[in-house]
Each structure stands twice: as structure tokens, then as C-alpha cells.
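Enquirer: Build me a model:
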Amino acid sequence: MDRIHQFLCEEKAKIEKSDYAFPPQHQNRQPGFEYVMQPLPVSECGKQCRKLENKVALITGGDSGIGRAVAYDFVKEGASVVIVYYDEEVDARETVERIKELGGECLLLCGDLKNPGFASHCVDKTIERFGKLDILVNNHAMQFIHRSILDIPHEELEFIFRNNVFSFFYLIQSALPHMKKGASIINTTSVTAYEGNKDLIDYSATKGAIVALTRSLSLSLAEKGIRVNGVAPGPIWTPLIPASYSAEEVATFGKKTSHVPMDRAGQPCEVSPCYVFLASDDASYMTGQVLHPNGGTIVGS
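Expert: Numbering: from 1, shown residues only. Sure, this is the predicted structure:
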């Protein structure tokens, strides 16, 4: 695995030095598969400090992308993890195998979080397996490209809000009765919540809703000692990208056309340390805040 990690880091370096962002590619389904991406996203970088020793974390969208990197980092920091995914079986199995190699404990749950019953099931299974829940990471999302708001079907608008926002509510409502003082809720929003995106109007609106949810919930739970924060990634190389954009658009993802000061897309492992920080006691005086790993884009906090 160390050789694989070295290879991925070398691939990342090649991309940074080249005139292209990624080899042109596209996937005809959402939210996409990681195992067929070229190059594979880099899910691990950095050292472990055991900041989450004996903690239990539930991570949605944990099979790939940012969620996978968060799961790896959490395990390295001493946590046990529950990974919830939609239907990406190969990615999920690979993630579990790596967690086992790291000496971690993992529970894998497959289903649709738009269903409040499944959200409740995930929490119940977490408590049944580990006896507690310390960290909830709401990370899953889908997005669909539309060049005009007039092109967004009503059914899709309802779908994306149910998937990207309603499900966060369902999970929080199910998890809260089991969370104690010192627990942490971390919601994944996006740079699009702050900058907007002309081709992702409905997706950006869901991410704005998540920012408002994070801030409001943090006020509601402050007296209970439960912290609520968010992470707003910029362009990150995850399965959502080839599942959303054309092959030609993927080829320039994160480069000059995206107006990212660092002139490249980020890797999942460059985002996951934000989640470790917010989940740990290092962030004991932070709630209602959003971190911005976005390659240098200046946004209002």
C-alpha cells in the first residue's frame, strides 16, 4: 500500500506540472465510481496523532472521494467508523479493505439516505455495533449540470434537495438522541455556496442551505456541548467530477478555466484533515464555523 500511495503522489505531481488537469473521461451515472477514475484520487497523506482515540464516527458517502479520505484519517487517529454509501460496491469494499490494513474497525451500510427510515437504521446499527456515536459526518451529495435554471426539471429539483439537504436533517434527527456533550457534527458544503455556479444552480442552493443549517444548528446545540461545523471544499478530484462533467471539461478541471489561484484541483487527502480538526478537541472552541480548503479562492466565511 505504501508503494501505491507513492505512485498516486507521483501522479499528482505530474498533473500539477502539466498543461492538463486530468485525462478526458466521463461516467454516465451519479455519483460515480472511484475505481475507474484515471488517475485515482489520493486518499491518504500525512501522519497520525491518535486525536480521535476510542471515538465512533458515522460518515456518509464514505466509500470514495472526500468521505473515503476522512474515514482513513479518522481510523489513523484512533476512531472506529461506520461508512454509509449508496450503491458503489467496488469502492466500498476497497475502502473497507484499506481500513482493515490500517488496523481499524468499520461497519459498512448500503442504502438510500433520502429515506428517513434508512437514516434511522444507520444510527441504530451504529449503536448496536459500537454502543455510541461521537461524530456525525454528513458528506454525501449529487449534482447535475444545467446551463439554465429553465432546464432543471421539477422532479430533479426535489430529488437533489432530498438527497443533499433533507437527508442531513434525517440523520441529525436520528443521531442526536445518542450524542453526548463533546460530540461533533460536521456537514460538507461547498465553495459554490459562497461563489455560486452558473451551471450548478440547484446544487449550489443545496450547499447554501447546508451552511445555514450548520450555523443554526450550532446555536441550537451549544448549550448541550455538541459542536456543529462545516467544510466547504473547492474543486476536488472525486468520482462526482467525471460523473458530472463531459470528458473535455474533466480535462481542464481545476485548471485556469476554474479560476483557482493554485491552478489545480485538490485531492481528497488535502481536505480530510479539516474533518479531523473539527472532530477533535483541537476545535473545542469552534462551532458554527466553516473551513475552506479550496485552492486559494477568497470567500466570505
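Enquirer: Now do the same for residue 197: helix, strand or coil?
Expert: coil (DSSP: H, G, I helix; E, B strand; the rest coil).
Enquirer: for residue 107, same thing?
Expert: Under three-state DSSP, residue 107 comes out as strand.
Enquirer: Tell me who's in contact with it.
Expert: 80-83, 125-126, 129-130 (Cβ atoms under 8 Å, 6 or more residues apart in numbering). For glycine as for every other residue, the C-beta is placed from the backbone atoms N, C-alpha and C.
Enquirer: ditto for residue 68
Expert: 34, 41, 43, 62, 91, 95, 268.
Enquirer: Now the last one: closest residue in space that isn't a chain neighbour?
Expert: The reference is to residue 268. residue 69 (3.6 Å; Cβ to Cβ, 6 or more residues apart in numbering).
Enquirer: same thing with the fourth one?
Expert: The shortest distance from residue 62 to any non-neighbouring residue, by Cβ to Cβ, 6+ apart, is to residue 83 (3.5 Å).
Enquirer: Quick check: which element contains the one you found?
Expert: strand 80-85 (DSSP states H and E).
Enquirer: And the contacts of that strand?
Expert: 55-64, 67, 71, 74-75, 91-92, 95-96, 99, 104-111, 113, 122, 125-126, 129-130, 140.
Enquirer: who does the residue nearest to residue 62 bridge with?
Expert: Beta-bridge partners recorded for residue 83 (DSSP bridges): residue 59, residue 108.
Enquirer: Send me the helix or strand that contains residue 206 as CSV with only the CA atoms.
Expert: Element membership for residue 206 (DSSP H and E) is helix 201-221. Extracted in CSV, the C-alpha atoms of helix 201-221 (Å, rounded to 0.1, in the frame of the first residue of the first chain):
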residue,chain,number,x,y,z
ILE,A,201,-27.8,26.4,-9.6
ASP,A,202,-29.8,23.8,-7.7
TYR,A,203,-26.7,22.1,-6.3
SER,A,204,-25.3,25.5,-5.1
ALA,A,205,-28.6,26.2,-3.5
THR,A,206,-28.5,23.0,-1.5
LYS,A,207,-25.0,23.8,-0.3
GLY,A,208,-26.1,27.2,0.8
ALA,A,209,-28.9,25.5,2.8
ILE,A,210,-26.3,23.4,4.5
VAL,A,211,-24.3,26.4,5.6
ALA,A,212,-27.5,27.9,7.1
LEU,A,213,-28.3,24.5,8.7
THR,A,214,-24.8,24.4,10.2
ARG,A,215,-25.0,27.8,11.7
SER,A,216,-28.5,27.5,13.0
LEU,A,217,-27.9,24.0,14.5
SER,A,218,-24.7,25.2,16.2
LEU,A,219,-26.7,27.8,18.1
SER,A,220,-29.4,25.2,19.0
LEU,A,221,-26.9,22.7,20.4
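Enquirer: tell me what that helix is packed against?
Expert: Packing contacts for helix 201-221, counted by 3 or more Cβ pairs under 8 Å, 6 or more residues apart in numbering; DSSP states H and E, involve helix 154-161, helix 167-175, strand 184-188, helix 192-195, strand 227-231.
Enquirer: Compute the inter-axis angle for the longest one and strand 184-188.
Expert: Translated: helix 167-175. 170 degrees (axes from the mean of the first three to the mean of the last three Cα atoms, to 10 degrees).
Enquirer: Is it correct that residue 141 is in contact with residue 202?
Expert: No: the criterion here is Cβ atoms under 8 Å, and residue 141 misses it with residue 202 at 11.5 Å.
Enquirer: So for these two, which sits in the more crowded spot?
Expert: Remark: of residue 141 and residue 202, residue 141 carries more neighbours, 27 against 20, as counted by other Cβ atoms under 10 Å.
Enquirer: Tell me which helix or strand the more buried one sits in.
Expert: Counting by DSSP H and E, residue 141 is part of no helix or strand.
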